[in-house]
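Visitor: Attaching a predicted model along with its sequence, questions to come.
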Amino acid sequence: MKKTILLLMSVQFFVYLGFGIIIPILPEVIVQQGYGEIHVGGLITIYALASFFTAPLWGRLSDNTGRKRLILIGLAGFSLSFFLFSLFLDNLALLYLSRIIGGLFSGALYTAVTGYVADITSDEDRNKYMGLLGMSIGLGFIFGPAIGGLLGSISLSLPFTASAVLVLLLMAYASLVLKEPVRQGEAVKRKLLPKGASVLWQYRIRYLFLFSFLVTFLLAGLESTFQLFQIDQIQITPLQLGYLFIASGLVDAAIQGGVVRRIKDGKETQWIIGAQIVTAAGLFLLPFTTSLVFAGIALSIFTAGNALARTAIVSLTSKESGGKYGTAAGVAYSMDNMGRIIGPLFFTWMLTIQSGAVYYLSGSLALLAIILVVLFRKSANSLRTVENG
């Protein structure tokens, strides 16, 4: 059991490492090859689109054909996407194809892995193991950009070649270790609109869903524009960017591990408002970047606020769901994905029009998001009351 869970955690780690590893490499590739900067957003968006909209299909396939088989297929496809990207940096069409393949098979892996965990765990310990998978996803997001930047300083294709080989090794290990589980439940389908979602939108929890979208929208926007902007400002390299992402990853971990647990029940909205002010401060500082240290400080301030807001909103949403935890999580996940799909394309487009102004806009949106929290606090139309009644 323990060996199986560790393996499944590794799979999730690599899927989200694959999402993050491209962040410090892609702008460099686009600039070197002379492609339009809008393609940075396009290549990030196409991955999120392919993953999100095909996940329900993979969920059904996982239920019909088996978890192990789909995990192995997913790892093979994911590895192929890395190999394609590393070999065809000079071919924009094939870069898009590699990202579509990566997104497709990341959706397969997510649904098969969560279905597998649902099959091998009891109701009592399922949350704990799903939490471990969530931790692996978070680590992948943190280490992906850092590893991409460090290896990318040697060669722009190296992070993808190394990841492709590691994923193939993981597939070989999984084929030996994993056994097809006895079916107990269904894979997570990750529908665009989960069943029962329309009911939730009638209550004040809708403000939290909209807030979740904005938080991820701003994060995705920063990830897709930060390096392009800093190449113009301070001629930042992938290696330097790797160092900055390591620093901001440590800030993220410190917030998740140290600050969040200090939030007392009923005080979440106060912390979220404070988090948005910190987020906006980091964004407003970015246009004034004159050195690597200054860029790192601004990025870390943004990360601290964004990490605090992301974690606090998840906790508050679960409390506000009136017992409909699964449906609420599904809607929040959908809103997060919309942020990841729209954010990169919108903000890279903004960057091409008016470079530094993109951060004045995103900082202003971070502050405007506070209005949603205020509306939530003022509304008495809560699912908690329905549950208690």
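Guide: Thanks, I have the structure now.

Visitor: Next, count neighbours for the residue nearest to residue 19 when sequence neighbours are not counted.
Guide: Once flanking residues are discounted, residue 19 sits nearest to residue 144: 6.3 Å by Cβ to Cβ, 6 or more residues apart in numbering. Glycine gets a C-beta too; all of them are placed from N, C-alpha and C. By other Cβ atoms under 10 Å, 26 other residues sit near residue 144.

Visitor: How much space separates residue 144 from residue 159?
Guide: 9 Å (Cβ to Cβ, to the nearest Å).

Visitor: What of residue 354?
Guide: Counting by Cβ to Cβ, the gap from residue 354 to residue 159 is 31 Å.

Visitor: out of the two, which sits in the more crowded spot?
Guide: More crowded of residue 354 and residue 159, by other Cβ under 10 Å: residue 159, with 29 against 10.

Visitor: How about the contacts made by the more buried one?
Guide: By Cβ atoms under 8 Å, 6 or more residues apart in numbering, residue 159 lies in contact with 21, 25, 147, 148, 151, 152.

Visitor: now do 10 Å
Guide: Counting by Cβ atoms under 10 Å, 6 or more residues apart in numbering, residue 159 touches 17-18, 21-22, 24-25, 82, 85-86, 144, 147-153, 238, 242.

Visitor: just residue 176 next, same as before
Guide: residue 7.

Visitor: ok, then the element right after the strand or helix carrying it?
Guide: Using DSSP states H and E, residue 176 sits in helix 158-177. Per DSSP H and E, the first helix or strand lying C-terminal to helix 158-177 is helix 197-200.

Visitor: which secondary structure elements does that next one contact?
Guide: helix 205-234, helix 325-353, helix 383-388 (3 or more Cβ pairs under 10 Å, 6 or more residues apart in numbering; DSSP states H and E).

Visitor: same thing but at 6 Å, please
Guide: In terms of contacts (3 or more Cβ pairs under 6 Å, 6 or more residues apart in numbering; DSSP states H and E), helix 197-200 is packed against no helix or strand at all.

Visitor: Could you number the chain from 48 rather than 1 from now on?
Guide: Done: numbering now begins at 48, and the last item shifts to helix 244-247.

Visitor: now it: mean pLDDT?
Guide: What helix 244-247 shows for mean pLDDT is 74.

Visitor: Check the offset of it from the chain's centre.
Guide: 24 Å (Cα atoms, centre = their mean, to the nearest Å).

Visitor: and what of stretch 380-388?
Guide: 9 Å.

Visitor: Then stretch 420-427?
Guide: With Cα atoms, centre = their mean, you get 27 Å for stretch 420-427.

Visitor: ok, now stretch 137-152?
Guide: For stretch 137-152, the distance to the chain centre is 19 Å (Cα atoms, centre = their mean).

Visitor: what does stretch 306-320 give?
Guide: 22 Å.

Visitor: Now do the same contact list for residue 410.
Guide: Applying Cβ atoms under 6 Å, 6 or more residues apart in numbering to residue 410 gives the contacts 327, 330, 331.

Visitor: my guess is the second one contacts residue 409, does it?
Guide: Just to be clear, that refers to residue 330. Yes: with contacts counted by Cβ atoms under 6 Å, residue 330 reaches residue 409, the gap being 5.0 Å.
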